[in-house]
Every structure is written in C-alpha cells, then in structure tokens.
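**Q** Please find the sequence and the predicted model below.
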Amino acid sequence: MALKRSPGKDGQVQVLEHESRVLKGNPLGDPHVRKLAVWLPPQYEGERERAKRFPVLVDMAGYGGSGLSHVAWRSFNENVPERAARLIYDGKMPPVIIVFPDCFTALGGNQYINSSAIGRYADYLIKEIIPFVDREFRTLASREHRGCFGKSSGGYGAIIHGMQYASTWGAIANHSGDSYFDYVYWHDWPNTLNELAKHRAKPDNAREVISPFAVAAIRLLIFTGCRAGEILNLRWANVDLDNGILNLSDSKTGAKKVLLATPATLIALLKAAAYGWRQESVSKNAEEIANLGRLLYDRISGFADHLDKVGRGLETASKSYNSAIGAFEGTVLPGARKFVELGAKGTKELTEPAPVETAPRDVLKRA
C-alpha cells in the first residue's frame, strides 16, 4: 500500500555550509564547519510571493539527533518539511521558513546552552545562524516573527532560550523537555560518588584509569552543563575521557580534594550528601544503641544475681523460721498448756504460729 502524500507541493530543502567562529576550538574538538538545512515553503518561489518575506522557525533536535536527521526520508511517516507542507496546504499554519541547525557533539548532542565543557551553542544559534539565515533568505528578521521548538534536550533548549534570550525569540515550543534534574538524578548520586571515590589518586601515583561507569557519570555531568575544567580544578589535559583517564590532582596546588558540583546538579549533590550524612548518623546511632544494649544486658544480669542471692537468703530464713516453729510447738507450747490445766491461764489465748509454706521463686536466666 502506497503512503498517502499531501496533494500540495513539498517546498524545497537547501543545505548550506556554514563556518562558525564561535565553535572553533571547542573543548570537545567537534567540527566548526557544519551543514545547515533550511526548508523553504512552496510559496517561497511563487510568482506572487517573489518579494514576500517569511517568519522563521528553528528546529532544535533532541539528544542523539541533528537538524539534518529531521529532513531525512522516513518510511510510513512524515519528516518535518513534509508535515509542515501538509499543514500549510490544509490551512492549519501559515507559510514559514524552518531552519535545521546541526548541533551534534561528541557526547551525542547538547542542550543549546553556552558551556565551557562543550561549546557556546547558544551563541552559535543567536549570533551566527540566525544572522546567516536572515542574510541568505527572505526572512522577517525580528523577534515577533521568529520562534524555536524542540523535544527532549531540544525542548529544554527552547525553554531556556525563551527565558534567557527573549529579545531573539517571539515564541517557543517545549515538547517533553528535559527538566527536574534534581529529582531525576539525585538518587543516583550516592552510587555515582561511591564509584568515583574508588578512583581517588594514590600517594605514589595520581594518574588512574576510570571505570566505564565513572566515565559515563562524568560525561553526564558535562552534557548537563558541568564546567569540569573549573569544578574539578583540572586542566582539560588532565581529563582523557576517550581512554578513561583522569588526573585527580589539582593542576595548580597539587591538592587531591575533588568535588563535583554545578548549578544544575548542586541540589542533587547536596541531597546526596545529606542522605549520606543521614546514613552515617543512623549507623553511628545503631552502634551506640548496640553498645548501650550490651551494657544494659550486663547490668540486668548482675541485678538478677543479686535477686537470686536475696531469694536464697529468704529460703534459708524460711527454713530456719519453720524449724523454730517446730521447736516452739514441740517444747515450749506443751509446758505453756500445763499452766492452763493448773488454772494459771492468762488473759490472752495461746495461739500457734503458722509455718511459712511458700518458697521464694528462682530467678531463671535464659541465653
């Protein structure tokens, strides 16, 4: 079954080459000469629209993608230019120019921000790509006629640009943009920090090989905006992610105290530290409770010994008491009763003392 196509014209995609001064010499060594795809609507070359100018939309690709991937052929689906052409033909959107910048990096993409760890991709779009497109095509070169949109990392980039570069963008669209980093990543920080702690510098050799997990953790920090060269107090020459090498000594002072933190990850790091401190406090409390338990057990055991001695003393006293009663009944009372028979009874009745028949209970000790 053939895929249905819009009966309207598809427009055209032009691919230009742009040399960037902003990206030249970026920390990851990524290319600064890049392909730039621009989609022109069918009306761009119309006879009546030859002098007409058009609004501009910038497509910010998500992680793992690039602008060129959004203009590529898709099976049983539409790419972005095909969808835009259909929506324009159906009257659901006006004709626009759509720009597809290539912001792919060695880490799989970026979030369209200025980062000393990746490159100045916000400046790349604002200061280079937009003016370049305005020069090459008939655009409405003002913020009122310019917008950006993206999904995932591109959505994050769109909303960040809307907040930080409002003088450039008149509208933004954020589709499932990355957010809530402190809630998403904070529970992974204890494991991450524990893994990184295994690779602290040794006194005799500060250069160590990092496990793949630690390399991935550092890549994640850099991708989310971590300024590794500043936060780790390391020169970039000391970080070799391709070979998994990290020199943990301070480039300037030689100190080996390293803390990973950025504005984007600070809350997560603090929560992880607080969690670690709570666990340490719980561990200390548990140890103290165990010590107190052992001390209390020993004291209870000693007290039980004393009670046992008291019980044995009571048992001896009871036996002596009963023996005294037996002697009293056998020798004293018979003589006293003679006085009654002889008429020398006193004012009180002569009573027999009762013996003690209840023995003290033994104190049972159980292990």
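**A** That came through fine. Residues are numbered from 1 along each chain as shown.

**Q** what are the bridge partners for the spatially closest residue to Val58 that is not a sequence neighbour, then?
**A** Counting by CB to CB, 6 or more residues apart in numbering, Cys148 is the residue found nearest to Val58 once chain neighbours are left out, at 4.3 Å. From N, CA and C alone the C-beta is placed, and that goes for glycine too. Counting by DSSP bridges, Cys148 is bridged to Val58, Ile172.

**Q** which residues in the protein form strands?
**A** Secondary structure of the chain (DSSP state E): strands located at 12-19, 33-40, 56-60, 97-100, 114-115, 119-120, 146-151, 171-175, 207-209, 239-240, 245-247.

**Q** average pLDDT across the fifth one?
**A** It stands for strand 114-115. The average pLDDT for strand 114-115 rounds to 94.

**Q** starting at the chain centroid, how far to it?
**A** Relative to the chain's own centre, strand 114-115 is displaced by 22 Å; criterion: CA atoms, centre = their mean, to the nearest Å.

**Q** That one - which strands sit beside it in the sheet, and in what orientation?
**A** Strand pairing for strand 114-115, using DSSP bridges, gives strand 119-120 (antiparallel).

**Q** and the closest residue to Ala359 other than its chain neighbours, how far is that from Ala304?
**A** Counting by CB to CB, 6+ apart, Ala359 lies nearest to Glu315, which is 5.9 Å off, once chain neighbours are set aside. Look at Glu315 and Ala304: by CB to CB, to the nearest Å, they are 16 Å apart.

**Q** what's the answer for Gly147, then?
**A** 83 Å.

**Q** of the two, who's got more company?
**A** Gly147 (20 against 13; other CB atoms under 10 Å).

**Q** That one contacts Asp59, correct?
**A** No: with contact defined as CB atoms under 8 Å, Gly147 and Asp59 do not form a contacting pair (10.4 Å).

**Q** Which residue ranges make up the domains of the chain?
**A** As assigned by automatic domain parsing, the chain contains the domains 12-179, 183-264.

**Q** which secondary element of this structure has the worst mean pLDDT?
**A** helix 228-231 (a mean of 41; mean pLDDT, DSSP states H and E).

**Q** shaky segments in the protein?
**A** Residue ranges of the chain with pLDDT under 70: 1-6, 47-49, 200-277, 345-346, 350, 362-367.

**Q** rerun that using 80 as the cut-off
**A** For the chain, the stretches flagged by pLDDT under 80 are 1-8, 46-50, 181-284, 325-367.

**Q** Please verify my assumption that Ala61 contacts Ala72.
**A** No: Ala61 is beyond contact range of Ala72, at 11.4 Å (criterion: CB under 8 Å).

**Q** what about the two, which has more around it?
**A** Between Ala61 and Ala72, counted using other CB under 10 Å, Ala61 has the larger neighbour count: 25 against 11.

**Q** count of neighbours near the closest residue to that one other than its chain neighbours?
**A** Closest residue to Ala61 apart from its sequence neighbours, by CB to CB, 6+ apart: Gly154 at 5.4 Å. Number of residues near Gly154 (other CB under 10 Å) recorded here: 31.

**Q** State the distance from Gly154 to Tyr63.
**A** For Gly154, the distance to Tyr63 equals 8 Å [CB to CB].

**Q** give the contact list for the spatially closest residue to Leu140 that is not a sequence neighbour.
**A** Nearest residue to Leu140, sequence neighbours excluded (CB to CB, 6+ apart): Arg53, at 4.9 Å. Applying CB atoms under 8 Å, 6 or more residues apart in numbering, we find Arg53 in contact with Arg138, Thr139, Leu140.

**Q** got CSV for these, with distance to Thr351 too?
**A** Formatted as CSV, these follow (distance: CB to CB, whole Å):
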residue, distance to Thr351
Arg138, 130
Thr139, 125
Leu140, 124
